[in-house]
Structures are given as C-alpha cells and as structure tokens.
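Student: model this:
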Amino acid sequence: MLPENENTLKAHLKTLHRSLEDTGEVDDELEMLLRQLDGDIKHVLNKRAQDPDANTYGLASRAQELTARFALRHPTLEPALRELGNILASMGI
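Tutor: As a prediction, this is how the structure comes out:
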C-alpha cells in the first residue's frame, strides 16, 4: 500500500494531465518539460520504494521553476503546477 502523500501526488498528477488535455493551450516546450518531470517523479518514487533513505531532493524546485516560467503563458495551469511543487516539497522530493 502506498503512503498517503504518494497517493495524493499520483492523484494530482492525473488531475494535472487531464487539465493539460482540456486546456488545449500547452505548447510543445511546456509539454516536453512536464513529461520529463513526470518521468523523474516516477523514477524517484520507485527509487524511494527500493531505498527509503535515498536522496531524492530537487524535483519540488524544478516544479516551482516550471510554475514561474509558464505562469504568464499558461495562467489556467499555474495553480495545478504550484500545487504539484507544494506536494513534492512536503514529501521532501
């Protein structure tokens, strides 16, 4: 069974993916960066499952950088991106 914060993260990622599909305003650059972040998050979660003491820091700051970078061009996605960064930070990722 997954810890509650991992369930929250996975649910938020699904919501974010739906939001991206629904907005129709995502450019190729943002889509590529979000896919990379998504893959990195999955990698970190797998790494933590194998070694709970593994160093998995840094993704929260990347998510926050994406939020700042794309807030003006994609204002409807900004709250979801900000929340993703907050979830990752609370998990120590």
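
Student: which ones are touching residue 93?
Tutor: Listed by C-beta atoms under 8 Å, 6 or more residues apart in numbering, the contact partners of residue 93 are 41, 44, 56-60. Quick note: C-beta positions are derived from backbone N, CA and C, even for glycine.

Student: List only those of the residues you listed flagged as buried.
Tutor: 41, 44, 56, 59-60 (16 or more other C-beta atoms under 10 Å).

Student: Those residues into JSON lines, with extra columns for distance to residue 92, secondary structure and pLDDT?
Tutor: Below are those laid out as JSON lines (distance: C-beta to C-beta, whole Å; DSSP: H, G, I helix; E, B strand; the rest coil; pLDDT from 0 to 100):
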{"residue": "41", "distance to residue 92": "13", "secondary structure": "helix", "pLDDT": "89"}
{"residue": "44", "distance to residue 92": "10", "secondary structure": "helix", "pLDDT": "88"}
{"residue": "56", "distance to residue 92": "7", "secondary structure": "coil", "pLDDT": "77"}
{"residue": "59", "distance to residue 92": "10", "secondary structure": "helix", "pLDDT": "85"}
{"residue": "60", "distance to residue 92": "8", "secondary structure": "helix", "pLDDT": "87"}
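
Student: Out of the residues you listed, which comes closest to residue 78?
Tutor: Taking C-beta to C-beta as the measure, residue 78 lies nearest residue 60 of the buried ones among the contacts of residue 93, at 15.9 Å.

Student: I'd like to know how far the closest one sits from residue 21.
Tutor: Remark: distance between residue 60 and residue 21 (C-beta to C-beta, to the nearest Å) = 24 Å.

Student: burial of residue 80, as a residue count?
Tutor: The number of residues packed near residue 80 is 19, by other C-beta atoms under 10 Å.

Student: now for the contacts of residue 93, which pair is the farthest apart?
Tutor: The span of the contacts of residue 93, defined through C-beta to C-beta, is set by 41 and 57 at 12.8 Å.

Student: Brilliant, that's me finished.
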